[in-house]
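> Got a sequence here, can you model it:
(2 chains)
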Amino acid sequence: MHISDGILAPEWCLVWFAIAIPFIAVGVWQIKRGTKENASYLPLLAMMGAAVFVIAVWHIPVPVTGSCSHPIGTPMSAIIVGPFPTVVLGTIALFFHAFFGHGGLTTLGANTVSMGIVGTFSGYLIYVPLRKVNSPLWLAAGMAGFAGDILCYLAAALELALSLNPGSVLSHWAIYSVGYMPTQLPLAVAEFVFTAGVVQYIADRRPDILAKKLWGGVPSA
Amino acid sequence: MLDQFTKMALVLMVVITAIFLIGAYLGYIGGHGMEGTDAMVEEHAASTAANVEATSLVPAITDLVGEPLGFTIAGIVAGFIVGYLWTGLFRRREDA
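Residues are numbered from 1 along each chain as shown, chains lettered A, B, ... in the order given. Here you go, the predicted model:
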């Protein structure tokens, strides 16, 4: 979902920045509040930031399709540290990705919207209701990972279609989505597995972390 | 002797590396280029509009040292950060 510099029209770059900035501002505010109230929040954020950075930049080969792509990691982070702080982590990770030839600076807003906002909130908004109806933790977390991954790529496809094909947005959105999906579906399954595993592991070891209402979490037990 | 966390970390590292190598090898013997889908879709999208081309405003570390070494360095650095903080936050205390 990393869109490079030069691909999106300048006005669309500004639109995506304008959408991303309020989410980042709320995330920064929540991070400040969280670190004041609990000293262990900062190392948790740092760990999630490093995890999102590396998960979202490593291209995993998918031999069936003859190409490679990457998971996103933001649904997992949203469950652990909260969705708004995850937007901040995602933006920082995407900034550094630009120095690895993935994404760009002018498209940072667009990439933040697809990975940091859509990937984060879609996963989180699936996780919370599933937990409310007493779904097993691993299943709710895994479904968040799966859905967040897929919807992130659908959002990136829409960003491309809106900017490059204003006369035929829907058809090109479908074309770009179909381009992403064969490789992304197996990786979304991988995202299901590691999101479920990590969240369940944390719930077993430190259930208090997932129970923090302040961070946007819901009780794990 | 290795502690439980180190053993688990090493097993995970071997499993993840094996998945990467097996996937890349199967793709290689299948005659595929294993190109990233981000770039493939982006190139296709750019070809549908006039005067659109992917550029980079910042120098990429991977251009200087190559993708394998660049991503290895990034993975090692991020792995140390995650591992160091993970042990501090989640290691089961002896007195617990």
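> From now on I want contacts and neighbour counts done on CA atoms only, so please keep to that.
OK.
> what residue ranges in chain A score low on pLDDT?
Filtered on pLDDT under 70, chain A yields the residue ranges A:211-221.
> show me where it has helices.
Remark: helices of chain A, listed N- to C-terminal, are A:10-37, A:41-55, A:74-81, A:83-97, A:108-111, A:119-132, A:137-164, A:169-205, A:207-210; assignment by DSSP state H.
> So which of those helices is nearest residue A:3?
helix A:108-111 (6.6 Å; Cα to Cα).
> Just the buried residues of the closest one, please?
Counting neighbours by 16 or more other Cα atoms under 10 Å in any protein chain shown, one finds that the buried residues in helix A:108-111 are A:108, A:109, A:110, A:111.
> could you redo those as TSV and give each row distance to residue A:95?
As requested, those are exported to TSV (distance: Cα to Cα, whole Å):
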residue	distance to residue A:95
A:108	7
A:109	10
A:110	12
A:111	10
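> contacts for stretch B:78-85?
For stretch B:78-85, contacts defined as Cα atoms under 8 Å, 6 or more residues apart in numbering or on different chains pick out A:43, A:44, A:46, A:47, A:48, A:50, A:51, A:53, A:54.
> mind putting those residues in JSON lines, neighbour count included?
Converted to JSON lines, these look like this (neighbours: other Cα atoms under 10 Å in any protein chain shown):
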{"residue": "A:43", "neighbour count": "18"}
{"residue": "A:44", "neighbour count": "19"}
{"residue": "A:46", "neighbour count": "16"}
{"residue": "A:47", "neighbour count": "23"}
{"residue": "A:48", "neighbour count": "26"}
{"residue": "A:50", "neighbour count": "23"}
{"residue": "A:51", "neighbour count": "24"}
{"residue": "A:53", "neighbour count": "26"}
{"residue": "A:54", "neighbour count": "25"}
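> tell me the contacts of the residue of chain B found nearest chain A?
The shortest separation between chain B and chain A is 3.7 Å, found at residue B:34 (distances taken as Cα to the nearest Cα). Each residue near residue B:34 by Cα under 8 Å, 6+ apart is listed here: A:61, A:62, A:63, A:66, A:67, A:68, B:24, B:27, B:28.
> Could you turn the buried ones of those residues into a ChimeraX selection?
Typed into ChimeraX, the next command selects the buried ones out of the contacts of residue B:34 (criterion: 16+ other Cα under 10 Å):
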select /A:61,62,63,66,67,68 /B:24,27
